[in-house]
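S.K.: Using only what follows, build the 3D model:
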Amino acid sequence: MKSYRMYLMCMPVLLSLGTTAFAQIFTRIDTSIITRDGGASSGASWGDYDNDGDDDLFITNGVIPGNHRNFLYRNEGAGRFIKITTGDMVTETSSSGGMGACWGDYDNDGLLDLFAPSTLTNNRLYHNEGNGVFGKVTTGVVVSSALNSGGGSWVDYDQDGDLDLFVVNGSPARPPASVPNTLYRNDGNGVYSKIIQGLIVTEALLSVCGSWADYDNDGDMDLFVINAIGNRNGISNRLYFNNGNGALGLVQSSEVMNDLRDSWSASWGDYDNDGHLDLFVGTYLGPNLLYHNRGNGTFERVNSGSVVTASGAHFGSSWGDFDNDGDLDLVVTTDSQNGNLLYNNDGQGNFTRVTGQAFSNNRAQACATSDYDNDGDLDIVTVSGGNFGPVENYLYANDGNSNSWINIKCVGTVSNRTAIGTRIRAKATIRGAVVWQIREIAQQSGYSGHNSLRVHFGFGDATVIDSLVIRWPSKMTEVYTNVVVNQFMTAIEGSSLTSVVEQQGEQPTNFSLSQNYPNPFNPETTIEYQLPRAGQVKVVIYNVAGKLVRTLIDAQHAAGKFQTHWDGKDELGNQVASGVYLYQLQAGNFQAAQRMILMR
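M.R.: Got it, this is the predicted structure:
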């Protein structure tokens, strides 16, 4: 069994509603700067670009004529956002606008970069320089052409450890143009080559959405492409299978390619917890579509139930366990007076539409989900501009309940740093039944929406996760057992387990780093420290020559008392020799170090 590292941040959360209460699950946050900004907005993308432990938000504007600037909001914690007003990313104006921007660490430097498509001018790529600064990339094939692009999604389709980029072209925001979609292969060091062979990049489809998922469970990412305007011209949606050697082939016959309903939205999720990703497709002209994955590479269309009977102009969509009961619910945004749609899953794959919500009383185009306030449940942002002009975007906070949850950030080392393509399986006993759930770290969900890159599970009344299985894009599989619920976790590929546990007690008034215990030790020792205020924290191990042996912690902490453990291994999971080692705490301007002795 391979080893890995996880930082476990136990953050008890006080929640207000009972386990069965789905009434008024969301509250619209009208005081946020996000909801006070009006714009011709059409896309939303969550990502922690400053690595401070909470998701920031990028919103694209300009889908209707006029000079528009995009919005970037930095999450300051506790649900507070600051609007960023400097830098090319938010100061460039364009009448051509953008739609589905996406975050991804394309050069594997540990910082999220941003791709922002444009419907008339060249697409844009912003490199994260650190300290909240972005540099506009001005050379290379990704930014050298104007392709009427409507959205992008990062993926490591060839599984070589870096992020490639798929872009849908022929956006309906501008007069239809016969432009094939584009696929850019990352050749390393952030240099891209444009793929010019294969139906995936040679057919002109008038696409609006590309959604990646491993639908056939073979360990690589496949692609479903929505062709909204193409549907009107007799062009069906497309499903491409990844053959595992860097090539994507068109599935010649599939139920998911048979419907021509002016499709706009696609979202993958295992709504019945059978281990296979199912597919929701939102449509403009007819009832929405739901396809059940049979598990043998084929799908069957679901013909009954509330999800597939609603009519209207449906755009955004996303699966998420909004009530933390152990199954995926569904949100769908609607560009009509009928309002947005929220469907509650009963655990058997049956859905009931939830009404009387602030969310369902409004309309919108795109949506994206994130636990932006770090309270253990999924929140929603919707963008409401576009066809009906510059109006408010909306932020909906999940009011929560007493159900259990877990939130996991994955960091690739052999795989791409963003860990896109990672699949996590979780087993727990919920309401007396053993339940396996799956999640995948993927990009686009629905029309121009990009959910948080962190993975969220709900577990109902479970108090422990029996098994947590992480399958990385590198094909490395790691297993952790008996995980306590209600924690924020970070899993680093290929490293051993490290946990951070918040201790109870009075709030500290000063920084301190305690002597480890036991000392001397073999094979493991405990390190305790305390922080009087929140901030970025590092705990590192050095040998007596000053060489870095291991970074135990590099994460955002709240104020409090904490403990972590060292198992006597280095960054590669190798046991280190007996001897004297130094461990150091860095928290803001504070630094302290202690000696410890490992005796084999």
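S.K.: C-alpha from now on. contacts and neighbour counts both.
M.R.: Will do.
S.K.: Surely residue 59 is within a helix?
M.R.: No: Residue 59: not assigned to a helix; according to DSSP: H, G, I helix; E, B strand; the rest coil it is strand.
S.K.: What is the burial count for it?
M.R.: Counted with other Cα atoms under 10 Å, the neighbours of residue 59 add up to 30.
S.K.: For stretch 78-89, give me every contacting residue.
M.R.: 32-34, 70-76, 90-91, 126, 133-136, 372-374 (Cα atoms under 8 Å, 6 or more residues apart in numbering).
S.K.: go again using 6 Å as the cut-off
M.R.: If you take Cα atoms under 6 Å, 6 or more residues apart in numbering as the criterion, stretch 78-89 is touched by 72, 73, 74, 75, 373.
S.K.: ok, now stretch 205-216?
M.R.: Residues contacting stretch 205-216 (Cα under 6 Å, 6+ apart): 150, 168-170, 220-227, 229-230, 277, 297, 444, 447.
S.K.: How far off centre is it?
M.R.: 16 Å (Cα atoms, centre = their mean, to the nearest Å).
S.K.: Contacts only, for the residue nearest to the spatial centre of the chain.
M.R.: Centroid-nearest residue in the chain: residue 453, 2.1 Å away (criterion: Cα atoms, centre = their mean). Contacts for residue 453 (Cα under 6 Å, 6+ apart) come out as none.
S.K.: again, only using 8 Å
M.R.: Taking Cα under 8 Å, 6+ apart, we find residue 453 in contact with 46, 47, 409, 418, 420, 441, 442, 443.
S.K.: what's the distance between it and residue 48?
M.R.: 8 Å (Cα to Cα, to the nearest Å).
S.K.: Over to residue 196?
M.R.: Distance of residue 196 to residue 48, given as Cα to Cα: 33 Å.
S.K.: Neighbour count: these two, which is higher?
M.R.: residue 48 (20 against 12).
S.K.: Excluding residues flanking it in the chain, which one is nearest that one?
M.R.: Counting by Cα to Cα, 6 or more residues apart in numbering, residue 48 lies nearest to residue 55, which is 4.3 Å off, once chain neighbours are set aside.
S.K.: so where's the chain uncertain?
M.R.: Where the chain drops to pLDDT under 70, the residues are 1-24, 63-67, 94-98, 171-178, 386-390, 496-505, 555-556, 572.
S.K.: Can you list the residue ranges for helices in it?
M.R.: For the chain, helices defined by DSSP state H occupy the ranges 33-36, 88-91, 199-202, 228-232.
S.K.: Tell me which of the contacts of stretch 205-216 fall in strands.
M.R.: 150, 168, 169, 222, 223, 224, 225, 226 (DSSP state E).
S.K.: ok, back up a step: with the contacts of residue 453 in mind, which one is nearest to residue 542?
M.R.: residue 409 (25.8 Å; Cα to Cα).
S.K.: So what's the residue count around the closest one?
M.R.: A count of nearby residues for residue 409, using other Cα under 10 Å, gives 20.
S.K.: just residue 588 next, same as before
M.R.: Neighbours around residue 588, by other Cα under 10 Å: 12.
S.K.: tell me which of the contacts of residue 453 is nearest to residue 530?
M.R.: Distance to residue 530 across these (Cα to Cα) is lowest for residue 409, with 23.5 Å.
S.K.: Give me the neighbour count for the nearest residue to residue 455 once chain neighbours are set aside.
M.R.: Excluding the flanking residues, the one nearest residue 455 by Cα to Cα, 6+ apart is residue 408, at 5.0 Å. Neighbourhood size, residue 408 [other Cα under 10 Å]: 19.
S.K.: And residue 408, how far from residue 453?
M.R.: Note on residue 408: its distance to residue 453, by Cα to Cα, is 9 Å.
S.K.: most packed of the helices of the chain?
M.R.: Neighbour counts (mean count of other Cα atoms under 10 Å) averaged over each of the helices of the chain peak at helix 228-232, with a mean of 21.
S.K.: What is that one packed up against?
M.R.: On a contact count with 3 or more Cα pairs under 8 Å, 6 or more residues apart in numbering; DSSP states H and E, helix 228-232 meets strand 263-269.
S.K.: between the strand it packs on and strand 222-226, how many degrees?
M.R.: For strand 263-269 against strand 222-226, the angle by axes from the mean of the first three to the mean of the last three Cα atoms, to 10 degrees is 150 degrees.
S.K.: Parallel or antiparallel, list what pairs with strand 263-269.
M.R.: According to DSSP bridges, strand 263-269 forms sheet pairs with strand 278-283 (antiparallel).
S.K.: Pull out the buried residues from the strand it pairs with.
M.R.: Under the neighbour-count criterion of 16 or more other Cα atoms under 10 Å, strand 278-283 has 278, 279, 280, 281, 282, 283 buried.
S.K.: Quick one: neighbours of residue 574, just the number.
M.R.: Using other Cα under 10 Å, residue 574 has 11 other residues around it.
S.K.: Look up how far residue 151 lies from the closest residue to residue 145 other than its chain neighbours.
M.R.: For residue 145, ignoring the flanking residues on the chain, the nearest one in space by Cα to Cα, 6+ apart is residue 122 at 5.0 Å. Distance, residue 122 to residue 151, using Cα to Cα: 13 Å.
S.K.: Relative to residue 485, how far out is the nearest residue to residue 227 once chain neighbours are set aside?
M.R.: Of all residues not flanking residue 227 in the chain, residue 207 sits nearest, at 4.0 Å (Cα to Cα, 6+ apart). Going from residue 207 to residue 485 by Cα to Cα gives 41 Å.
S.K.: Please apply the same query to residue 181.
M.R.: For residue 181, the distance to residue 485 equals 42 Å [Cα to Cα].
S.K.: more neighbours, those two?
M.R.: More crowded of residue 181 and residue 485, by other Cα under 10 Å: residue 181, with 25 against 21.
S.K.: That one touches residue 198, doesn't it?
M.R.: No: counting by Cα atoms under 8 Å, residue 198 is not a contact partner of residue 181; they are 10.9 Å apart.
S.K.: Which stretches in the stretch 401-550 of the chain count as strands?
M.R.: For the stretch 401-550 of the chain, the strands defined by DSSP state E, counting those that start in this stretch occupy 404-411, 423-430, 433-440, 449-450, 455-460, 464-471, 477-484, 487-492, 501-503, 512-513, 525-531, 535-543, 548-557.
S.K.: Adding distance to residue 380 as columns, could you present those strands in CSV?
M.R.: Formatted as CSV, the strands of the stretch 401-550 of the chain follow (distance: least, Cα to Cα, whole Å):
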stretch, distance to residue 380
strand 404-411, 16
strand 423-430, 22
strand 433-440, 18
strand 449-450, 11
strand 455-460, 13
strand 464-471, 26
strand 477-484, 26
strand 487-492, 19
strand 501-503, 28
strand 512-513, 38
strand 525-531, 32
strand 535-543, 26
strand 548-557, 23
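S.K.: and the chain, what are its domains?
M.R.: 5-9+27-398, 504-600 (automatic domain parsing).
S.K.: Pick the most buried one from those.
M.R.: domain 5-9+27-398 (a mean of 21).
S.K.: Please name the bridge partners of the residue lying closest to residue 595 once chain neighbours are set aside.
M.R.: For residue 595, ignoring the flanking residues on the chain, the nearest one in space by Cα to Cα, 6+ apart is residue 582 at 4.6 Å. Beta bridges link residue 582 to residue 542, residue 595 when assigned by DSSP bridges.
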